[in-house]
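**Student:** Any chance you can model this:
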Amino acid sequence: MPTWLESIPSELAWPLVCVIAFALAEFLSRSIRLPRISTYALIGFALGGAQLGLLPERPSKAMVLLANVAFGLLLFECGYRINWSWFRRNPWMLVISLLEALLTFFSVLMIAQEFGLAPMSALLLASLAVPTSPATVIRVIHETRASGQVVERLLHFSALNCIYAVLLFKAMVGWHLYQRSGAWWDAGVASLWVVFGSALIGAAFGTLLPALLRALKRTPRDSDLVLILGLFVAVGCSQVLDLSSIVVSLVFGMVVRSQGVILAARHRDFGVMGELLSLFLFVFVAATLNINAVLAGIGLAVLIVMARLGSTMLVTTGLATLSGSTYRKGALVGLAMAPMSAFVILLLEQTPEIGPKLVNEIPALAALVLSMEVLGPFLTRLSLKWAGETEEEV
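**Tutor:** You can find the predicted model right below:
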């Protein structure tokens, strides 16, 4: 760590890094059209504790809570935009999402085993390769002001992938606990409680908050504060109870929509607060990575990236016409589903049985997270542009 960096108080480090990331992201976005999220990730990684060391190697509990809230806001919006009646009218959407997740899981598992990873490490890596990060998807959609069939399918598949990934990962964690303790009942109940307990909290807040809004006679224009405060409390409850704020936030958004709360499009990203928290989130995610782990795992990570994209695009393209789309749009949806990093890091932060250090203990996972944090937004943005659904030049 350079000497001059050591003189910067830790209380100032996070705000300073966020300012640097914002300024550089704006410059690169306007000059070379680099997605802002990619720049946030590069700055967070470069200034992280294991690299230049301006940020601490392990964030405080307050920073982890803030990251979970930031991620929760984006998950809330993703959940809010999910139209479950679409799945009833078009069940092939569910079939495609499930087949895509399973093919990704098993293809990554095979590659990891061929590279000699321990069985449990291979299973954990494969389960963490399944999700598409709604946080990145939502921010790219906002940046490009995109809308259309590809956008809607991307959002719905991302939400479903979150559910599959949490279920798969918690199942792997339960199996890991069973191998260590031999108590299969305790391991199974613990994993199920995390998923269903989190869904219960999300549903409770999604029901109570709209009732409060109606009692206070709040309109969609001034309901943001109530929803954000509710999300803060819900995420805080999930951390105290060792539950999943990912599931809580996603279900919260789904239930709020079902309760008839209507958010205008301009209010869905929660304005300046939403942008600020998103900036912090993507800096936070990349700052957790270690350059030594990234370099050690880059070879396997490249193969996993190819397997993820190949598996996803194979299913979304091959079955596109059955779900009422075209082969071209199916391929673009698959390409747009590349991002995964924020979801992986926050899921690990919420799993004390495994611990957030797992991302650097499996080098391929660290390299995969960094590569998708930088390349994922670009691929999503490019696919939306090729689909003709953006309002800006990419």
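**Student:** Point to the helix or strand of the chain where mean pLDDT is at its lowest.
**Tutor:** helix 3-6 (a mean of 60; mean pLDDT, DSSP states H and E).
**Student:** Could you name the helices and strands sitting against the next helix or strand along the chain from that helix?
**Tutor:** Of the helices and strands lying after helix 3-6 in sequence (DSSP states H and E), the nearest is helix 10-32. Counting contacts by 3 or more Cβ pairs under 8 Å, 6 or more residues apart in numbering; DSSP states H and E, helix 10-32 is packed against helix 36-46, helix 271-287. Yep, even glycine has a C-beta here, placed from its N, CA and C like the rest.
**Student:** Can you tell me what sits against helix 10-32?
**Tutor:** Helix 10-32 has contacts (Cβ atoms under 8 Å, 6 or more residues apart in numbering) with 8, 34-36, 39-40, 43-44, 47, 54-56, 63, 276, 279-280, 283, 287.
**Student:** Just the buried residues from the residues you listed, in PyMOL please.
**Tutor:** For anyone working in PyMOL, the buried entries among the contacts of helix 10-32, judged by 16 or more other Cβ atoms under 10 Å, can be selected with:
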select buried, resi 34+35+36+39+40+43+44+47+54+55+63+279+280+283+287
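**Student:** So what's the residue count around the spatially closest residue to residue 390 that is not a sequence neighbour?
**Tutor:** In space, residue 390 comes closest to residue 144 once its chain neighbours are excluded; the distance is 4.0 Å by Cβ to Cβ, 6 or more residues apart in numbering. Residue 144 sits with 20 neighbouring residues when counted by other Cβ atoms under 10 Å.
**Student:** again, but for residue 217
**Tutor:** Using other Cβ under 10 Å, residue 217 has 6 other residues around it.
**Student:** Relative to residue 255, how far out is it?
**Tutor:** From residue 217 over to residue 255 the distance is 21 Å, taken as Cβ to Cβ, to the nearest Å.
**Student:** hang on, the earlier thing: how much space is there between the residue nearest to residue 390 and residue 78?
**Tutor:** 16 Å.
**Student:** Can you list the low-confidence ranges for the stretch 201-350 of the chain?
**Tutor:** Applying pLDDT under 70 to the stretch 201-350 of the chain flags the ranges 218-222, 264-269.
**Student:** Where do the helices of it begin and end?
**Tutor:** Under the criterion DSSP state H, counting those that start in this stretch, the stretch 201-350 of the chain contains helices at 224-240, 245-258, 271-287, 291-318, 327-336, 341-349.
**Student:** Quick one: end-to-end length of stretch 326-344, please.
**Tutor:** Start and end residues of stretch 326-344 are separated by 31 Å (Cα to Cα, to the nearest Å).
**Student:** Give the buried residues for that stretch.
**Tutor:** In stretch 326-344, counting by 16+ other Cβ under 10 Å, buried: 329-344.
**Student:** Quick check: of those, which lies closest to residue 231?
**Tutor:** residue 342 (16.2 Å; Cβ to Cβ).
**Student:** Nearest residue to the closest one in space, ignoring adjacent ones along the chain?
**Tutor:** residue 135 (4.3 Å).
**Student:** Quick check: which element contains that neighbour?
**Tutor:** In this assignment (DSSP H and E), residue 135 forms part of helix 134-144.
**Student:** For that helix, which helices and strands make contact with it?
**Tutor:** Helix 134-144 sits against helix 36-46, helix 61-80, helix 149-181, helix 271-287, helix 341-349, helix 363-386, with contacts defined as 3+ Cβ pairs under 8 Å, 6+ apart.
**Student:** With just CA atoms, put that helix into PDB.
**Tutor:** What follows is helix 134-144, C-alpha atoms only, in PDB (Å, rounded to 0.1, in the frame of the first residue of the first chain):
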ATOM      1  CA  PRO A 134     -30.900  -8.200 -11.600                       C
ATOM      2  CA  ALA A 135     -28.900  -5.300 -10.200                       C
ATOM      3  CA  THR A 136     -26.700  -5.000 -13.300                       C
ATOM      4  CA  VAL A 137     -29.600  -5.700 -15.600                       C
ATOM      5  CA  ILE A 138     -31.800  -3.000 -14.000                       C
ATOM      6  CA  ARG A 139     -29.000  -0.400 -14.100                       C
ATOM      7  CA  VAL A 140     -28.200  -1.000 -17.700                       C
ATOM      8  CA  ILE A 141     -31.900  -0.700 -18.600                       C
ATOM      9  CA  HIS A 142     -32.000   2.600 -16.800                       C
ATOM     10  CA  GLU A 143     -28.900   3.900 -18.500                       C
ATOM     11  CA  THR A 144     -30.000   3.000 -22.000                       C
END
